[in-house]
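Novice: fold the following.
(3 chains)
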Amino acid sequence: MRRLGYLYLALAYGFIFLPVVVLVVFSLQDGRLPVPPFQGFSLRWYGKILSDRGLMTALGNSAAVAGVSSGVALVLGFLAAHGLARVRLPGSVLMRGVLIAPMTVSYLIIGLGLLTLFNQMGVKPSLWATGIGHVVINLPLCFAICFAAMGDHQKSAERAARDLGASEMRVLWHVSAPMLAPALGAAFFLSVTFSWDEFIIAFLLTRFDVTLPVEIWSMLRSGLSPATNAIGSLVFLASALVVIALEALFRRSK
Amino acid sequence: MSDERRLALALVSPALLWTLAFFAVPFAAMLLLSFAHMEGRTVVQGLSLANYAKALGEPSHLKALINSVEITVTVTVVSVALAWPLAATIAWSVPARWQRAALLMAVLPFWTSYVVRSYSWALVLGKNGVVNQAFGAVGLGPFELASTRFATVLGFTHFFVMLLTLTIYANLIQLSPNYARAAQDLGAGRLRTLWHVILPLTLPGIVTGAFVTFVLCIGDYITPQILGGNTELTLPQLIMLQMGRGGNFPMASALSVILMAVVTLAYAASARWLRLDRL
Amino acid sequence: MTASVTIDRVTQTYGGAVALHEVSLDIAAGEFVVLLGPSGCGKTTLLNLIGGFAQPASGRILIGGRDMAGVAPAARPTTTVFQDYALFPHMTLAENVGFGLRMRGMGRAQRREKAAQMLALVGLPGREDRRPHELSGGQRQRVALARALAVSPDVLLLDEPLGALDLKLRRQMQDELKAIQRQVGTTFVHVTHDQEEAMALADRIVVMSEGRVSDLGPPREVYLRPKSLFSAAFMGEINQIPVVAGQSAIGAYPGTGTLLIRPEAIGTSGALALGQATIMDAAFFGTHVRVHARIADLTLTLHLPQDADPQPGAVMMLYASAHSFLESR
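Specialist: Predicted coordinates for the structure are as follows:
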C-alpha cells in the first residue's frame, strides 16, 4: 500500500514538475526556439530580458501594484474583521456576505465591471485602476483570514487592554495586530502573490503602463522564444525561493 | 446605538464601502449595460433582452457556454480525482517530518506565473515538444496535442491539482486518527473505512476546493486562449472577442451575467458543504 | 460475549524509547480492570496493543486463549471507546451505533432495532435520528459506548472515556458504566489517570508507572496495602515515614523501609502510637478537618472528624488506626 502511494507520489511530482523543468531547461537554449533538440547551454536569453527596458518597467509596475493594493486590502480587511468579530451588529451576517462575495466571482467579471464603470465615469485605464481591482479581489481573502484568526483568546486580551485604559487605536496597534501577526503576514503574502500574478484585470484596466503578466502576454503573441522561458524561469525561481524561505522561517519559529 | 457598536460600524465601513463602490456598483453598471444594444459603434441604453436571446439562442454563442461548462466540469472532476489520492498519500504515507516538505514540493509550480505556466504546457505539448519527441523516439506520432480541448483540460488540471491538494490535505490532517481506528475496530476494511468514513469527512474540503476550481476555471481566459487555440471558444474568450472586435460592451456584459449565473448555480448546488471562510 | 485477556511479557518501544517493559497481566473473563497511572506510564500503549492498533515489539497477547499476533483490529473480539469518542459526524446516532453491525452484513431494519436497544441501554432512548453535534459531551460518551457494545465484543476497551467530562457528570457516568458492565458481562479494560474513578469502577486496579506494573489488586488492597511507594502516593495523599534499622521519627519500628499511613487513619486513638504532636494549622473541608501536625522534624497530614477543632500550637497524642510498611530492597 505504501509502495503504491510512493509510486503515485512520483508520478504526480513528474506531472507537476514537467512544464517547469521544460521551461527552465529551454531557457538555457543556445538557439532561437525553446523546443528540442537542446542545442547547448547559454545564458544569453537572460541577458536579453534583463536589458529589456519594457520588461523591467513592467516588473517594477507589478511590484508596486502588488505591494500597495495588498497593503490597502490588508488594512481594510483587518479593520473590518476586527469590527465584525467584536460585536453582533444588526446585519452582521449580511455584511460578512457582502465582504466575502467577490471571492465567488470570476476575475474577468470584476475586471469587466470596473472597466464599464470607469468608461462611464471617463476614468482612463491605468495602474491605479488595476490596483483598485486588485484590492477588490484581495479584500475578501484578507478579511476571511483575519476573521478566522480572531478567537476568544484574542477577544479577552483586547478586553483586558481596554479595561487597562487603552484607546481603541492603541488596542488595535499594541494588542490585536501583534497577536494576529502570523495571520496578517499570511494574508499579505497571499495577496501579493495573487496581485503579482493577476492577468485579466490588469489586461483590461491598463493601457500603456502594463504589469508583468500583461507584458509576458504580449511577448507570447510574437511567437515562441527562449526569452519567454527565461523571464518565466526567473519569476518561478524568485517566488520559489521566497516560499521556501518563508517555510523555513515558519518552521524555525514553531 | 451604543459606542461600541458605532465603533464597530466605523471599522467595517471602509471595507464595506470599497466593496460596494468597486464591486457592487460596477456589477450593477454591467447588468444595466447588458440590456443595452449597439447601433453602429455606439451604445444605446435600453431595456432589451435581445443580447440574452442571442447569447442563448444563437448556436455559436450557446456553444461557447456549453464548451465552458463541459471543460470546467471535466477539469473539476479530474482534478479532485487526482488530488485526493495525492493529498492522502502525503498525509498518511509520508513520514511526519517530511510531510511539509512533500506538500511544498507538490505545490511549488503553483508559484510560477500563471501566463507562463500555460505557455510551458504549450511547449511541452507542441508539435516539436518533449512529449511528441518522446513518442517519436519509439516510432509513434507526432500527435496533435496543442491547440486542443485536451491541452486546455490538461493545463487547467495541472494548476487545480495543486490547489486541491492543499485544501484536501488541510482537511485530512485535521481528522482525528481515531475515526479510521473506530471504523476498523468495528469491522470495516480499508476500502469501507475510506468510503463510509474518511471520504464523507473530507467532503467540506473537497467541495470548497472544487467550488473554487469551478469559479476560477470557468472564468479563465488565458489557459483556453493559449492551449485551446481557436479550435473552439469558451465563454471568456467569446466575451473578450465581443469587446475587442466590435467593442460590443452590451453583449460582453450579457455574456458575463450569464457566466455569473452559472457560478451562482454551482454555488447553490454546493452551498451546503462550502466553507469559504475557512479556506 | 466475554473473554479473558492474557498479556505475556509484552515490551513496546517507540523509536528507541521503551513504552512498555515486559508487562505481564492476566484479566479474567467478565472482569472490570482499570489501568491507572500518569500520562506516559504506558497505559494507553497497552490498551492500543490489546485493541490491535499497534503490534508489540516482543511478547504475546491472548484473548480468550487465542494468540492475537498479526490479527487486525477488525478481526479482534474487542472494540474501543475512544477518548475523543470519534463518533462519525455525518451519520445519525442509529447509523453510528449500527455501523459495526452493517460491516458485519446485518440488514437495515435489524440494525436499526439493535441500535435502538443499545441507545436505550445507555439511557438515550428514542434519539436514533439525532446527530452527534446535537448532543452534550456526556451524551456523546454514551453513544460511543453504545456503538462499541452493539457488536457484542468479548472485551471492551475504554481509553479515558470520561476524561472530557466535568467532575459531577464524570461521577454520575461512573455509576452507570459500572451498572452497564454488570448487565452485559463483557470484560472491560478501562484506562484513566483519576484514582477515584479507578476505585469507583474497578474489580481490580493495575497501577502503572514508567512502562511497568507498579501494583495491582482490588481497590481496597491497592489503597490500604500498596506494594510500591509510587502506587501508595498515586492512590491518594499518604504520610511516608522512613524507618532505618528499626528507628524512625515516631520511635522504634522493626525493619528498614517506609511506614505508610493515610491521613484519615491518624487520630486520637489507634493501635500504633505516633507520639506527641504539635498542631501547625487546620482547615475545615466539609467531610473532615485537615490538619498539619509536627512530631520532631516530621510533618504529618491528618484528617480529623468534622467536629474536631484543633488550635494551632496545641499539643495532642496521635495514633494510627491502620498502616502498612514497605520493606526497602
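Novice: closest residue of the stretch 51-200 of chain A to chain B?
Specialist: Closest residue of the stretch 51-200 of chain A to chain B, Cβ to the nearest Cβ: residue A:106 (2.3 Å). To be clear about C-beta, it is placed using only N, CA and C from the backbone, and glycine gets the same treatment.
Novice: pretty sure that residue sits against residue B:259.
Specialist: Yes: using Cβ atoms under 8 Å, residue A:106 is in contact with residue B:259, at 6.3 Å.
Novice: residues that sit against both of these two, list them.
Specialist: B:218, B:219, B:236 (Cβ atoms under 8 Å, 6 or more residues apart in numbering or on different chains).
Novice: restrict the residues you listed to those near chain A?
Specialist: B:218, B:219, B:236 (Cβ under 8 Å from any Cβ of the partner chain).
Novice: how near is residue C:20 to residue C:211?
Specialist: 5 Å (Cβ to Cβ, to the nearest Å).
Novice: apologies, that question was intended for residue A:35.
Specialist: From residue A:35 to residue C:211 the distance is 64 Å (Cβ to Cβ).
Novice: spell out which parts of the stretch 101-250 of chain C neighbour chain B.
Specialist: C:103, C:104, C:147, C:148, C:151.
Novice: who wins for neighbours among the residues you listed?
Specialist: When neighbours are taken as other Cβ atoms under 10 Å in any protein chain shown, the top entry among these is residue C:147 (32 neighbours).
Novice: setting aside sequence neighbours, what's the nearest residue to it?
Specialist: residue C:97 (4.8 Å; Cβ to Cβ, 6 or more residues apart in numbering or on different chains).
Novice: contacts for stretch C:139-146, please.
Specialist: By Cβ under 8 Å, 6+ apart, stretch C:139-146 touches C:81-82, C:85-87, C:93, C:96-97, C:115, C:118-119, C:121-124, C:127, C:132, C:135, C:161-162, C:164-165, C:173, C:177, C:180.
Novice: avg pLDDT for it?
Specialist: Averaging pLDDT along stretch C:139-146 yields 93.
Novice: distance of the residue of chain B found nearest chain A from residue B:21?
Specialist: Residue nearest to chain A within chain B: residue B:219 (2.3 Å; Cβ to the nearest Cβ). Separation of residue B:219 from residue B:21 (Cβ to Cβ): 22 Å.
Novice: repeat that for residue A:187.
Specialist: From residue A:187 to residue B:21 the distance is 22 Å (Cβ to Cβ).
Novice: likewise residue B:195?
Specialist: Counting by Cβ to Cβ, the gap from residue B:195 to residue B:21 is 49 Å.
Novice: mind listing what's buried along the helix or strand that contains residue B:167?
Specialist: Using DSSP states H and E, residue B:167 sits in helix B:149-174. Applying a neighbour-count criterion of 16 or more other Cβ atoms under 10 Å in any protein chain shown, one finds B:149, B:151-172 buried in helix B:149-174.
Novice: the longest helix seen in chain A vs chain B: in contact?
Specialist: Longest helix in chain A, counting residues (DSSP state H): helix A:53-86. Yes: Helix A:53-86 comes into contact with chain B (Cβ under 8 Å from any Cβ), by way of A:76, A:77, A:79, A:80, A:82, A:83, A:84, A:86.
Novice: over to stretch A:34-42?
Specialist: Yes: among the residues of stretch A:34-42, A:34, A:35, A:36 lie within reach of chain B under Cβ under 8 Å from any Cβ.
Novice: try stretch A:228-237
Specialist: Yes: legend: contact between stretch A:228-237 and chain B by Cβ under 8 Å from any Cβ is shown at A:228, A:229, A:231, A:232, A:235, A:236.
Novice: what sits against the residue lying closest to the fifth one once chain neighbours are set aside?
Specialist: Spatial nearest neighbour of residue A:235, chain neighbours left out: residue B:113 (4.8 Å); criterion: Cβ to Cβ, 6+ apart. Contact criterion Cβ under 8 Å, 6+ apart gives A:197, A:212, A:213, A:216, A:232, A:235, A:236 as the residues in contact with residue B:113.
Novice: could you give the number of residues near the third one?
Specialist: Counted with other Cβ under 10 Å, the neighbours of residue A:213 add up to 22.
Novice: show me what counts as buried in whichever strand or helix holds it.
Specialist: Residue A:213 is part of helix A:212-221 when elements are defined by DSSP H and E. Using 16+ other Cβ under 10 Å as the test for burial, helix A:212-221 gives A:212, A:213, A:214, A:215, A:216, A:217, A:219, A:220.
Novice: what pLDDT, on average, does it get?
Specialist: Here the average pLDDT along helix A:212-221 is 89.
Novice: how about the residues of the stretch 151-279 of chain B near chain A?
Specialist: Checking the stretch 151-279 of chain B against chain A by Cβ under 8 Å from any Cβ, the hits are B:158, B:161-162, B:190, B:211, B:215-216, B:218-222, B:226, B:236, B:239, B:243, B:249, B:252-253, B:256, B:259-260, B:263, B:267, B:276-279.
Novice: give me the neighbour count for the residue in the stretch 101-250 of chain A that chain C sits nearest to.
Specialist: Nearest residue of the stretch 101-250 of chain A to chain C: residue A:152, at 18.4 Å (Cβ to the nearest Cβ). For residue A:152, the neighbour count with other Cβ under 10 Å is 7.
Novice: what of residue A:40?
Specialist: Residue A:40 has 9 nearby residues by other Cβ under 10 Å.
Novice: list the contacts for the closest residue to it other than its chain neighbours?
Specialist: Nearest residue to residue A:40, sequence neighbours excluded (Cβ to Cβ, 6+ apart): residue A:30, at 3.7 Å. By Cβ under 8 Å, 6+ apart, residue A:30 lies in contact with A:39, A:40, A:41, A:42, A:44.
Novice: can you give me the strands in the stretch 51-200 of chain C?
Specialist: C:58-63, C:66-67, C:78-81, C:155-159, C:187-192 (DSSP state E, counting those that start in this stretch).
Novice: now render the ones you listed as JSON lines, adding distance to residue A:26, mean neighbour count and mean pLDDT.
Specialist: Conversion of the strands of the stretch 51-200 of chain C to JSON lines gives the following (distance: least, Cβ to Cβ, whole Å; neighbours: other Cβ atoms under 10 Å in any protein chain shown; pLDDT from 0 to 100):
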{"stretch": "strand C:58-63", "distance to residue A:26": "57", "mean neighbour count": "18", "mean pLDDT": "94"}
{"stretch": "strand C:66-67", "distance to residue A:26": "62", "mean neighbour count": "12", "mean pLDDT": "94"}
{"stretch": "strand C:78-81", "distance to residue A:26": "57", "mean neighbour count": "28", "mean pLDDT": "93"}
{"stretch": "strand C:155-159", "distance to residue A:26": "57", "mean neighbour count": "25", "mean pLDDT": "95"}
{"stretch": "strand C:187-192", "distance to residue A:26": "61", "mean neighbour count": "26", "mean pLDDT": "96"}
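Novice: reformat the ones you listed as CSV; add distance to residue B:131.
Specialist: Formatted as CSV, the strands of the stretch 51-200 of chain C follow (distance: least, Cβ to Cβ, whole Å):
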stretch, distance to residue B:131
strand C:58-63, 53
strand C:66-67, 55
strand C:78-81, 51
strand C:155-159, 53
strand C:187-192, 57
